[in-house]
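S.K.: return atomic coordinates for the entry below.
(one chain, ligands or ions: 2)
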Amino acid sequence: MHALQAKVLDPRLGAEWPLPAYATTGSAGLDLRAMLQEPLQLQSGETQLLPTGLAIHIADPGLAAMILPRSGMGHKHGIVLGNLVGLIDSDYQGQLMVSCWNRSASAFTINPGERIAQLVLVPVLQARFEIVEEFDDSQRGSGGFGHTGSH
Ligand SMILES: O=c1ccn([C@H]2C[C@H](O)[C@@H](COP(=O)(O)OP(=O)(O)OP(=O)(O)O)O2)c(=O)[nH]1
Ligand SMILES: [Mg+2]
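M.R.: Ligands and ions are numbered 1, 2, ... in the order given. Next comes the predicted model:
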């Protein structure tokens, strides 16, 4: 397993609530908690940036982390991310923040310590542009946006 440097910014994390951990041996995501001081009612349509009490330093430019919604929260309660997906750069050292968007028709209360999103470490290939006049032929060419039909 990869070692990831992390700072606990909220002492309740690791005491009152466990540090993010894989729920099963095959889990891809580490659940992030809302480190709130009191319950937060998120109105229908409202978005708020919530602290996780945690900072990470990925350090390796060949890696990044993504913040993704939890499927239960998103599907059952309409609690998804205001930025749809959060991308954490390998040189980011600040607190991990979760943009919580209530896309449902009703208000939803997020409690302190509640697991609101998940963090996934992913490989990254950094590329430099090699400017050319023409590309080699490909089967698709410039066709896109439904070009291959719907059946
Ligand atoms: O859901 C998120 C998304 C981003 N970040 C942090 C980590 C990331 O490395 C940094 C910048 O994110 P991004 O590049 O997506 O945002 P930006 O709007 O382009 O800001 P910047 O100008 O700082 O790059 O913000 C979070 O904590 N949570
Ligand atoms: Mg950016």
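S.K.: if you count contacts, what does the lowest-mean-pLDDT helix or strand in the chain end up packed against?
M.R.: When the helices and strands of the chain are compared on mean pLDDT, DSSP states H and E, helix 71-77 comes out lowest with a mean of 95. When contacts are defined as 3 or more CB pairs under 8 Å, 6 or more residues apart in numbering; DSSP states H and E, helix 71-77 sits against strand 79-81. In this view, the C-beta of every residue, glycine as well, is placed from N, C-alpha and C.
S.K.: next SSE after the strand it packs on?
M.R.: Next in sequence after strand 79-81, counting helices and strands by DSSP states H and E, comes strand 86-88.
S.K.: quick one: contacts of that next one?
M.R.: Residues from elsewhere that reach strand 86-88 (CB atoms under 8 Å, 6 or more residues apart in numbering): 56, 58, 64-68, 96-99, 117, 119.
S.K.: closest to Thr47 out of those residues?
M.R.: Distance to Thr47, by CB to CB, is smallest for Ser99 among these, at 6.0 Å.
S.K.: can you pull the pLDDT of the residue of the chain found nearest ligand 1?
M.R.: As assessed by CB to the nearest ligand atom, ligand 1 sits closest to Gly86 within the chain, at 2.2 Å. With respect to pLDDT, Gly86 scores 98.
S.K.: quick one: it from Leu49, how far?
M.R.: 10 Å (CB to CB, to the nearest Å).
S.K.: anything in contact with each of those two?
M.R.: The contact sets of Gly86 and Leu49 overlap at 97-99 (CB under 8 Å, 6+ apart).
S.K.: with respect to Arg33, which of these is nearest?
M.R.: Once CB to CB is applied, the member of these that ends up nearest Arg33 is Val98, at 9.2 Å.
S.K.: wait, isn't the closest one in contact with Met35?
M.R.: No - with contact defined as CB atoms under 8 Å, Val98 does not reach Met35; the gap is 9.9 Å.
S.K.: what do these two both touch?
M.R.: The contact sets of Val98 and Met35 overlap at 50, 52 (CB under 8 Å, 6+ apart).
S.K.: how about the strands of the protein, start to end?
M.R.: 5-8, 30-33, 40-42, 47-57, 63-69, 79-81, 86-88, 95-102, 108-110, 115-123 (DSSP state E).
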